[in-house]
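> structural data only, the sequence is not supplied:
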C-alpha cells in the first residue's frame, strides 16, 4: 500500500513536471474557474490524468444534470474540426484506448477532462454518473471525422449519461464549451 501510494504521488508530480516542460499546464484556466489535476490513473495503455474543478469551488457549469434537459437532437454527435489546440493523433488514439480499457470506471461529477500523452478529452457540463467508456464514441467520431497527423475537434449535441453537452478532443484540458 505504501509503495503504491508513493508511486501514485511520484506519477502525479511527474505529470505536473512533464506538463510544465512540454507545454501542458499544471492548472488550466477556463471560464468556469481553474481546473486542477485531481488524480492520475494507471491503464494498460499508460497513465491518464484527470482534471476538474477543485472541491468547494464555485462554478456556473457545475450545475447538476437535471438543469440541462435533453434536446431533441441530443446524441447526434455533430463533429466540428479545428486547427487550433491540435494534439498528436497517436496520443489521442492511445487515450481513447485507455478510456475503452477503463470503460466501467466512474469519472465523478467534478472532473471535466482526462488527458494522456498530450491529448485530452474534455466536456462542457458537469455530468453525474459518467463513466470513462461513455467518452469513447464522441472521441472516435472526432478521430474519424477530423484529420491528419494532428487533431482537434468537438462534438455538439453529445449525450453523456443523459446530459446534452459538447465533448472535445484536443491538446488542452479546458476550453470545451457548448
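Nice, thanks for sending it over. Given the structure is predicted, the values throughout are model-derived calculations rather than measurements.
> list the beta-bridge partners for the residue nearest the centre of the chain.
Nearest to the mean C-alpha position of the chain, counting by C-alpha atoms, centre = their mean, stands residue 113 at 2.4 Å. Residue 113 has the following beta-bridge partners by DSSP bridges: residue 51, residue 122.
> now do it against residue 178, distance only.
Distance from residue 113 to residue 178, counting by C-beta to C-beta, to the nearest Å: 15 Å. All C-beta spots, glycine's among them, are computed from the backbone N, C-alpha and C.
> neighbours around residue 38, how many?
One way to gauge burial is a neighbour count; for residue 38, by other C-beta atoms under 10 Å, it gives 20.
> hey, where'd the strands end up in this protein?
Listed from the start of the chain, the chain has strands (DSSP state E) covering 27-28, 35-43, 46-52, 78-81, 87-88, 111-116, 119-123, 150-151, 153-160, 163-170.
> redo these as a markdown table? Include distance to residue 104 and mean pLDDT.
Below are the strands of the chain laid out as a markdown table (distance: least, C-beta to C-beta, whole Å; pLDDT from 0 to 100):
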| stretch | distance to residue 104 | mean pLDDT |
| --- | --- | --- |
| strand 27-28 | 27 | 42 |
| strand 35-43 | 13 | 86 |
| strand 46-52 | 15 | 88 |
| strand 78-81 | 26 | 96 |
| strand 87-88 | 25 | 97 |
| strand 111-116 | 15 | 92 |
| strand 119-123 | 17 | 97 |
| strand 150-151 | 26 | 97 |
| strand 153-160 | 15 | 95 |
| strand 163-170 | 19 | 96 |
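> can you pull out the helices in this protein?
For the chain, the helices identified by DSSP state H occupy 2-22, 89-101, 136-145, in order along the chain.
> which residues sit in contact with residue 148?
Residues in contact with residue 148 (C-beta atoms under 8 Å, 6 or more residues apart in numbering) are residue 89.
> over to residue 171?
When contacts are counted by C-beta under 8 Å, 6+ apart, residue 171 touches 24, 85, 86, 87, 118, 119, 120, 152.
> I'd assumed residue 96 was in contact with residue 48.
No - the pair formed by residue 48 and residue 96 falls short of the contact definition of C-beta atoms under 8 Å, at 10.9 Å.
> who has more neighbours out of the two?
Between residue 48 and residue 96, counted using other C-beta under 10 Å, the more crowded position is residue 48 (26 against 22).
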